[in-house]
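**Student:** Sequence and predicted structure are below.
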Amino acid sequence: MRHFITILLFSIGLQLVYAQSETCVTCHSKTSPGVVNDWKLSKHSDNGITCDVCHGTEHKTATDFRLAKLPTPATCNQCHEDQVTQFSKGKHAAAWAAQNAMPTIHWQPMSLIDGMKGCGACHKIGLKSDEEIKQLNETHGGHGNASCDACHTRHTFSVEEARQPQACQTCHMGFDHPQWEMYSSSKHGVRNNLQQLGILPESASAPTCQDCHMQNGNHEVRTAWGFLGVRLPLPQDSQWSADQVTILQALGVLDPTGTPTGRLEVVKAADVARLTQEDFDRERNKMIEACSQCHARTWATSELGKGDDMIREADHLMAEAIRIIAGLYNDNIIPKPSNYANNFPDLLTFHDAPSVIEQKLFVMFLEHRMRTFQGTFHANPDYALWYGWSEMSRDLQEIKELAVDMRRNHK
């Protein structure tokens, strides 16, 4: 009898839940039909995950819509603990912190930053503090709270969608990280496109972004060199080591004597660089394992080593350009901005750098240096050469000539 009562109570409760959901569906079929349609297509719908599970039960009428809770990764963690735990350890989780750590981010128009129309549109994937979520709720109705929906678009939250390389395209393209353009025109991307079109069979090797960067579905998504292409410990090659020190000084991570600054803690928190040999080796070995699914291990190791070599070559050009502009500061040819921590140009000020020659340096670093080594690692020779190395070479020559003119005019 007790067992029967338990089942009966559960059944009544389930009916009440579905009744509440039907109320949501009836109203939102009129106000936002696309949302309802996507939810109906989802596994959430198939498995009885109703609106209140993610949005709470406080919103009941058309006038109290602000009471609806907007999901955060903690919401998804109720059912997807493994994936959220993995995500929380990876670079995507640090995206919000990385954006806000940029020294001149607050100089941007608020419509771009707070309005999620610029950096925030992608960097909102990162984890946020309770206070930041509260602020987003108050100022933007919660837009930007969530993270998982950056890849698993709401309200279908499709695993199949998130497994496609196009799921990465929205953010990983353009000026400073054109991974989509590199991948889609590489042999990997072309074969995957042919497979999606049905020209190549499903059994053919056609690597996706996820095959390489999310092995076995791991949501960490980390790389050996990190976004900035710098690392500790420094390389054993003395010239490369000196060049990397110069770049780290221009990133504000090291002071003029080579001593770590407070910004190193920001780099650690944002997870944009590997800071121990063990961290680097762990990510490199994961990538070798991924490549070895299709290629010989020795070949994969050799090809990744060529990417390392291209970082070394790019760093030599980059460091020379940085030293030229540091020399202009030291000789009082151009004034060093008061917000710069040392006598090196600050690469993280981006387009807010105060002179044309410093802006040229920022483009050399964030656009052309990135393409040099990212193009190499993504098996795209055109990006590595013409959009990367060639542009860096021309940047350096222009910086040299600008510096000569500035010194001549100063005299």
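**Tutor:** Cool, got the structure.

**Student:** Quick check: closest non-adjacent residue to C212.
**Tutor:** Counting by Cβ to Cβ, 6 or more residues apart in numbering, A290 is the residue found nearest to C212 once chain neighbours are left out, at 4.9 Å. All C-beta atoms are positioned from the backbone trio N, CA, C, and that covers glycine.

**Student:** show me what contacts the one you found?
**Tutor:** Taking Cβ atoms under 8 Å, 6 or more residues apart in numbering as the contact definition, A290 lies against 211-212, 215.

**Student:** Could you do I133 as well?
**Tutor:** I133 sits in contact with 72, 142, 145, where contact means Cβ under 8 Å, 6+ apart.

**Student:** which one of the residues you listed is nearest E220?
**Tutor:** Relative to E220, the closest of these is T72; by Cβ to Cβ it sits at 19.0 Å.

**Student:** Make sure the closest one is actually in contact with C148.
**Tutor:** No. Distance between T72 and C148: 9.1 Å, which falls outside the contact criterion (Cβ atoms under 8 Å).

**Student:** check which helix or strand covers the residue nearest to C212.
**Tutor:** Secondary structure here is read from DSSP states H and E; on that basis A290 sits in helix 277-291.

**Student:** and what of I125?
**Tutor:** Going by DSSP H and E, I125 is not part of any helix or strand.

**Student:** What is the burial count for it?
**Tutor:** Here the count is done by other Cβ atoms under 10 Å, and I125 has 23 residues near it.

**Student:** Quick check: it vs H219, distance?
**Tutor:** Between I125 and H219 the distance is 11 Å, computed by Cβ to Cβ, to the nearest Å.

**Student:** quick one: common contacting residues for the two?
**Tutor:** The contact sets of I125 and H219 overlap at H92 (Cβ under 8 Å, 6+ apart).

**Student:** For the helix ranked longest in the chain, enumerate the helices and strands it packs against.
**Tutor:** Longest helix in the chain, counting residues (DSSP state H): helix 297-330. Counting contacts by 3 or more Cβ pairs under 8 Å, 6 or more residues apart in numbering; DSSP states H and E, the secondary-structure elements packed against helix 297-330 are helix 238-250, helix 277-291, helix 356-363, helix 370-377, helix 390-410.

**Student:** any idea which of those is most buried?
**Tutor:** helix 370-377 (a mean of 26; mean count of other Cβ atoms under 10 Å).

**Student:** Let me know the average pLDDT across stretch 277-295.
**Tutor:** Confidence over stretch 277-295 (mean pLDDT, whole number) is 96.

**Student:** Centre of the chain to that stretch, how far?
**Tutor:** Taking the mean of its C-alpha atoms, stretch 277-295 sits 20 Å from the chain's own mean (Cα atoms, centre = their mean, to the nearest Å).

**Student:** Keeping just the C-alphas, turn that stretch into PDB.
**Tutor:** This file holds the C-alpha atoms of stretch 277-295, laid out as PDB (Å, rounded to 0.1, in the frame of the first residue of the first chain):
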ATOM      1  CA  GLN A 277      57.300  22.200 -18.300                       C
ATOM      2  CA  GLU A 278      54.800  19.600 -16.900                       C
ATOM      3  CA  ASP A 279      51.800  21.700 -18.000                       C
ATOM      4  CA  PHE A 280      53.300  22.100 -21.500                       C
ATOM      5  CA  ASP A 281      54.200  18.400 -21.900                       C
ATOM      6  CA  ARG A 282      50.800  17.300 -20.800                       C
ATOM      7  CA  GLU A 283      49.000  19.300 -23.400                       C
ATOM      8  CA  ARG A 284      51.500  18.500 -26.100                       C
ATOM      9  CA  ASN A 285      51.200  14.700 -25.400                       C
ATOM     10  CA  LYS A 286      47.500  15.000 -25.700                       C
ATOM     11  CA  MET A 287      47.800  16.600 -29.100                       C
ATOM     12  CA  ILE A 288      50.300  14.000 -30.300                       C
ATOM     13  CA  GLU A 289      47.800  11.300 -29.200                       C
ATOM     14  CA  ALA A 290      45.100  13.000 -31.200                       C
ATOM     15  CA  CYS A 291      47.300  13.300 -34.300                       C
ATOM     16  CA  SER A 292      48.400   9.700 -34.000                       C
ATOM     17  CA  GLN A 293      44.800   8.500 -34.700                       C
ATOM     18  CA  CYS A 294      45.500   9.300 -38.300                       C
ATOM     19  CA  HIS A 295      49.300   9.800 -38.600                       C
END
